[in-house]
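Asker: Please work out how this folds:
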Amino acid sequence: PQPTIFPAPRIAFVNDRDGWMLVADPPGTQCQAQTVRLYRTSDGAATWQLLDARGIADRQCKDTLAFTDPSHGYITAGDVNGPPIIYRTSDGGLTWTASTPLPDPPGFTTVGAGVTLRAGPVANFGSSLFVDGTGYGGGREVNYIYQSSDGGATWSHSATAPQDGVPAVFLTPSRWIQLVFG
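Answerer: So this is what the prediction gives:
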């Protein structure tokens, strides 16, 4: 069966057949809560199966979805009043575990009311995971690079991106780029 989709889903494929779709319900005020449904396809999106995904809390809005192989996936979650967390699965999306909140990087303090971090999609390079965290505050956006060496359970600030407001794209554990147009 084809799922009913509203608003736009987040989709991740690891090859031409295996993919996942995260369908988020409308969020609560200030992203305090949002329920989601997770679907999986193994036939290149011809059909989708609703998963009985467990462990994804209603709190916070779900922002990005990334799978790095048929078993390992990540969902970022955040709101305007606190730090983001990253859910991880190692069984293809059936069970999820939340990370500790991303810590504030040097020179940035989460104060709420929109002065918070938002996490982008997770990049997996074997024993190292990376995520771009955008900090909003003081009239500017700054991108901070976070790394996890324990499978996404905890995250630490690794670097500050040179270009404000431009998410990093991770090519390798030691090489990432920011694409600036204009």
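Asker: From Val23, how far off is Tyr74?
Answerer: Here Tyr74 is placed at a distance of 17 Å from Val23 (C-beta to C-beta, to the nearest Å). For glycine as for every other residue, the C-beta is placed from the backbone atoms N, C-alpha and C.
Asker: Give the residue spans of the protein that score low on pLDDT.
Answerer: By pLDDT under 70, the low-scoring segments of the chain are 1-7, 137, 182.
Asker: In three-state terms, label the most centrally placed residue in it for me.
Answerer: In the chain, the C-alpha nearest the mean C-alpha coordinate belongs to Thr76, at 2.7 Å (C-alpha atoms, centre = their mean). Recorded secondary structure, Thr76: strand (DSSP: H, G, I helix; E, B strand; the rest coil).
Asker: Next up, the contacts around it.
Answerer: Residues counted as contacts of Thr76 (C-beta atoms under 8 Å, 6 or more residues apart in numbering) are 62-64, 84-87, 118-122, 131.
Asker: And Val14, by the same measure?
Answerer: By C-beta under 8 Å, 6+ apart, the contact set of Val14 is Phe67, Thr68, Asp69, Pro70.
Asker: And it, its phi and psi?
Answerer: Taking degrees, to the nearest 10, you get phi -110, psi -10 for the backbone angles of Val14.
Asker: For beta bridges, what are the partners of Tyr146?
Answerer: Taking DSSP bridges, one obtains Val131, His157 as the residues bridged to Tyr146.
Asker: wait, it sits on Trp155?
Answerer: Yes. With contacts defined as C-beta atoms under 8 Å, Tyr146 counts as touching Trp155 at a distance of 4.5 Å.
Asker: any shared contact partners between those two?
Answerer: Taking C-beta under 8 Å, 6+ apart as the contact rule, Tyr146 and Trp155 both touch Leu102, Val131.
Asker: returning to that earlier point: across the sheet, point out what pairs with the residue nearest to the centre of the chain.
Answerer: Counting by DSSP bridges, Thr76 forms beta bridges with Thr64, Ile86.
Asker: Next one: it from Ser99, what distance?
Answerer: In this structure, Thr76 and Ser99 are 9 Å apart, going by C-beta to C-beta.
Asker: Can you tell me the element Gly151 falls in?
Answerer: Counting by DSSP states H and E, Gly151 is held by no secondary-structure element, helix or strand.
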